[in-house]
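>>> with the sequence up front, the predicted model follows.
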Amino acid sequence: MLNITNHTLEKLEMLLRTTGYKVRYEKGNFKTGACLLLNSKIVVVNKFSGLESKILGLIELARTLEMDLSLLDEKQAAFLHQLKQTTLEF
């Protein structure tokens, strides 16, 4: 299980940015902490969600998005692999 810390949130943001996604923090009325805008490469994170909700939302998206793994360094590839192996508990 991942720690719910600002560092984890930053690692998730960097993973998404490295693979070409833009991460924006905005006011939102969506159920999760983050969402993908209509198949674009823009991820919107609800800035009013708690840290845990933001992290879980980004993890859920990172697990399902099509990412170019060749853009990732070893640490980021290992982190993504860890995310895909982690069972999320809501």
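Perfect, I can see it now.

>>> sketch out the low-pLDDT regions of the chain for me.
1, 28, 87-90 (pLDDT under 70).

>>> and the strands in it?
22-26, 34-36, 42-46 (DSSP state E).

>>> can I get these in CSV with distance to L72?
Heads up, the C-betas are built off the backbone N, CA and C, glycines and all. As requested, the strands of the chain are exported to CSV (distance: least, C-beta to C-beta, whole Å):
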stretch, distance to L72
strand 22-26, 16
strand 34-36, 19
strand 42-46, 16
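
>>> touching, L12 and I55? I think so.
Yes: between L12 and I55 there is a contact under C-beta atoms under 8 Å: 6.6 Å.

>>> center of this protein - which residue?
Centre of the chain computed as the mean C-alpha position; nearest residue by C-alpha atoms, centre = their mean is L58, 2.6 Å away.

>>> quick check: nearest residue in space to it, chain neighbours excluded?
L12 (4.3 Å; C-beta to C-beta, 6 or more residues apart in numbering).

>>> next one: L9
I55 (5.5 Å).

>>> kindly report the same for T5.
T5 sits nearest to L51 (C-beta to C-beta, 6+ apart), 7.8 Å away.
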